[in-house]
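1. let me see the structure of the following:
(4 chains)
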Number of protein chains: 2
Amino acid sequence: MPGQKAPENQRKEQILQAAFKVASSEGLDKLTVRRVAANAGLSNGLVFFHFKSKDALLVALLDWLLEGTIATRIRPEIASLPSAKERLLAIVRHEISRLPDKRQQVELFFSFWAMGTRHPQVRHKIQERLEHYRAMFRPLAAEILAQDPATLPGISAESLSAMVVAIIEGCAMQVTMAPEHFDVEAFIASTERLFGIRVPGLELYI
Amino acid sequence: MPGQKAPENQRKEQILQAAFKVASSEGLDKLTVRRVAANAGLSNGLVFFHFKSKDALLVALLDWLLEGTIATRIRPEIASLPSAKERLLAIVRHEISRLPDKRQQVELFFSFWAMGTRHPQVRHKIQERLEHYRAMFRPLAAEILAQDPATLPGISAESLSAMVVAIIEGCAMQVTMAPEHFDVEAFIASTERLFGIRVPGLELYI
DNA sequence: ACACTTATTGACTCTGTGATCAACAAGGGA
DNA sequence: TCCCTTGTTGATCACAGAGTCAATAAGTGT
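-> Just a heads-up that it's a prediction; the model follows:
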């Protein structure tokens, strides 16, 4: 006996939340349509009605995850900082410091990353986001490089953005793998020192 | 009708190689005991005879992968370089430049990494290797920091090693996800510039 | 020759999964 | 009131997977 109809597309959101719950608590490999449906208190058939297949559900979950997890623009309080270097490092600090709180999301993101190596659609979505993420840093990197072209000769804004992203992602990997043995604050401090900030009289690099 | 007996533990190696072939060509999630057995030209029962369970097979595969993939010691030609900074950067260059060739291994490694978030044994093995990897850089980092304590105040060899590992892993992630859009050479160059080498007269940092 | 341990096979069981579908409920318009 | 579209259910199907097991072959010691 069918239950109540839900208004609009609340059902999709409800199912996606259940899917996230399952994936983040049991792992993406243990996610099944039945488990998601049970977690949402719905029948499995309904999941196939709203998302045509399990694969489509996973892709939708990835969208849902990226939407709510990856930074997509520079926050106003950071955008108002005077120098490009400060802005870039403020973003890095912000991105890294929130990693421990966003651990479930980050873990699931890595699962999708692994999945993406064999799944063209997932791969494409992650590539897009990665590119978007790098693009957020590129103007800052360009400004930094333009201010003093002599210090980092032959380096493009592109590769400097890639470096920043690598540092953030690499930190994320280590945090997810060994959160108890990884000192996030020290890591942030190292990044800032390496990029030459807060060391009076030594601000030569970048 | 049982087939020929294989000498010693050649069978285990044979099965592990088949497992790697399956995992790297179809993805770790598509790895089944049957597929591995078929790929090795053996019966599925034999896989369970040599490895007690699929789980144990996966753990053995991880060992096999780590054994042959992750650098575990500093190569002699690098160890003979005069300065600690040069040695560290030579390792980084070596590690990054071989990423495109080791892409299958790296992809599989990331799959295990994702698996490790829910699998204590896998997690532990990866943690160990990660720590071992960091430990390889630590003496170099310590030496670099000791040579000029003023330039990078308050930074530990530990966090500097973590930074180096983050850069390598973060680069690996981007290479696996978008190998055609990622300029490995430019990335290596950026790393070297950032760490202040090959820029005559500007070798202040690190 | 004979027993005994170790490999090896493939059929078999049991469980769970993705997907389908007929049935049925709810609401909205004509 | 009567359709007709949209939701919703749970039974059902076909199938694949992990793991078991009796049977059997190949060595190994005696």
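
2. stretch A:128-143 near chain B anywhere?
-> Yes. Stretch A:128-143 lies within reach of chain B by C-beta under 8 Å from any C-beta of the partner chain, at A:130-131. Using the backbone N, CA and C atoms, a C-beta is placed for each residue, glycine as well.

3. Provide the contact partners of that stretch at residue level.
-> Residues outside stretch A:128-143 that contact it (C-beta atoms under 8 Å, 6 or more residues apart in numbering or on different chains) are A:66, A:70-74, A:84, A:87-88, A:91, A:157-158, A:160-162, A:164-165, B:174, B:177-178, B:181.

4. the helix or strand bottoming out on mean pLDDT in chain A and chain B, are they touching?
-> Using mean pLDDT, DSSP states H and E, the weakest-scoring helix or strand in chain A turns out to be helix A:184-194, at a mean of 90. Yes. Helix A:184-194 reaches chain B (C-beta under 8 Å from any C-beta) through A:186-187, A:189-191, A:193-194.

5. follow-up on the earlier one: are any of the contacts of stretch A:128-143 buried, and which?
-> Among those, those buried by neighbour count (16 or more other C-beta atoms under 10 Å in any protein chain shown) are A:66, A:70, A:74, A:84, A:87-88, A:91, A:157-158, A:160-162, A:164-165, B:174, B:177-178.

6. contacts only, for the residue nearest the centre of chain A.
-> Geometric centre of chain A, nearest residue: A:Ile70, 3.6 Å, by C-alpha atoms, centre = their mean. Going by C-beta under 8 Å, 6+ apart, A:Ile70 touches A:109, A:129, A:132-133.

7. where does pLDDT dip in chain A?
-> For chain A, the stretches flagged by pLDDT under 70 are A:1-8, A:196-206.

8. thought A:Ile126 was touching A:Trp113?
-> Yes. Counting by C-beta atoms under 8 Å, A:Ile126 touches A:Trp113, with 6.1 Å between them.

9. which residues do those two both contact?
-> Residues touching both A:Ile126 and A:Trp113 (C-beta under 8 Å, 6+ apart) are B:Met177.

10. quick one on the thing from earlier: give the ChimeraX command for selecting the buried subset of the contacts of A:Ile70.
-> Selecting only the buried entries of the contacts of A:Ile70 in ChimeraX, with 16+ other C-beta under 10 Å as the criterion:
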select /A:109,129,133
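
11. pull out the buried positions in the host helix or strand of A:Val36.
-> A:Val36 is part of helix A:33-40 when elements are defined by DSSP states H and E. Residues A:33, A:35-37, A:39-40 are the ones in helix A:33-40 that count as buried (16+ other C-beta under 10 Å).

12. and what of stretch A:9-29?
-> Residues of stretch A:9-29 classed as buried: A:11-12, A:14-16, A:18-24, A:27-29 (neighbour count, 16+ other C-beta under 10 Å).

13. now stretch A:128-148
-> Burial within stretch A:128-148, assessed by neighbour count using 16+ other C-beta under 10 Å, is assigned to A:129-131, A:133-134, A:136-138, A:140-142, A:144-145.

14. run through the helices of chain A in chain order.
-> Here chain A has its helices, by DSSP state H, at A:10-26, A:33-40, A:44-50, A:54-69, A:76-79, A:84-97, A:103-116, A:120-147, A:157-177, A:184-194.

15. would CSV of those with distance to DNA strand D be doable?
-> Output for the helices of chain A, formatted as CSV (distance: least, C-beta to the nearest atom of the strand, whole Å):
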stretch, distance to DNA strand D
helix A:10-26, 4
helix A:33-40, 7
helix A:44-50, 2
helix A:54-69, 13
helix A:76-79, 38
helix A:84-97, 37
helix A:103-116, 17
helix A:120-147, 20
helix A:157-177, 25
helix A:184-194, 37
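
16. who wins for proximity to B:Thr117 among these?
-> Minimum separation from B:Thr117 across the helices of chain A (C-beta to C-beta) falls at helix A:103-116, 4.6 Å.

17. is the closest one up against chain B anywhere?
-> Yes. Using C-beta under 8 Å from any C-beta, helix A:103-116 reaches chain B at A:107, A:110-111, A:113-116.

18. what about the nearest residue to A:Ser43 once chain neighbours are set aside, distance to chain B?
-> Excluding the flanking residues, the one nearest A:Ser43 by C-beta to C-beta, 6 or more residues apart in numbering or on different chains is A:Ala37, at 6.0 Å. In this view, A:Ala37 and chain B are 21 Å apart by C-beta to the nearest C-beta, to the nearest Å.

19. name the nearest residue to A:Gln152, sequence neighbours excluded.
-> Actually, residue A:152 is Leu. It isn't Gln. Spatial nearest neighbour of A:Leu152, chain neighbours left out: B:Arg193 (4.9 Å); criterion: C-beta to C-beta, 6+ apart.

20. my guess is that neighbour contacts A:Gly154. True?
-> Yes. Counting by C-beta under 8 Å, A:Gly154 is a contact partner of B:Arg193 at 7.4 Å.

21. between these two, what contacts are shared?
-> The contact sets of B:Arg193 and A:Gly154 do not overlap (C-beta under 8 Å, 6+ apart).

22. more neighbours, the two?
-> Using other C-beta atoms under 10 Å in any protein chain shown as the criterion, B:Arg193 and A:Gly154 rank with B:Arg193 on top: 22 against 12.

23. residue contacts, the more buried one?
-> Applying C-beta under 8 Å, 6+ apart, one finds that B:Arg193 lies in contact with A:152-155, B:199.

24. would you list the residues you listed in CSV and tack on distance to DNA strand C?
-> Formatted as CSV, the contacts of B:Arg193 follow (distance: C-beta to the nearest atom of the strand, whole Å):
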residue, distance to DNA strand C
A:Leu152, 49
A:Pro153, 53
A:Gly154, 50
A:Ile155, 46
B:Val199, 54
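
25. of these, closest to DNA strand D?
-> DNA strand D lies nearest to A:Ile155 out of the contacts of B:Arg193, by C-beta to the nearest atom of the strand, at 47.2 Å.

26. got the end-to-end distance for stretch A:45-57?
-> End-to-end distance of stretch A:45-57: 13 Å, with C-alpha to C-alpha, to the nearest Å as the criterion.

27. distance between that stretch and the chain's centre?
-> From the chain centre to the centre of stretch A:45-57 is a distance of 25 Å (C-alpha atoms, centre = their mean, to the nearest Å).

28. close to chain B, is that stretch?
-> No. On the criterion C-beta under 8 Å from any C-beta, stretch A:45-57 is out of touch with chain B, staying 12.3 Å away.
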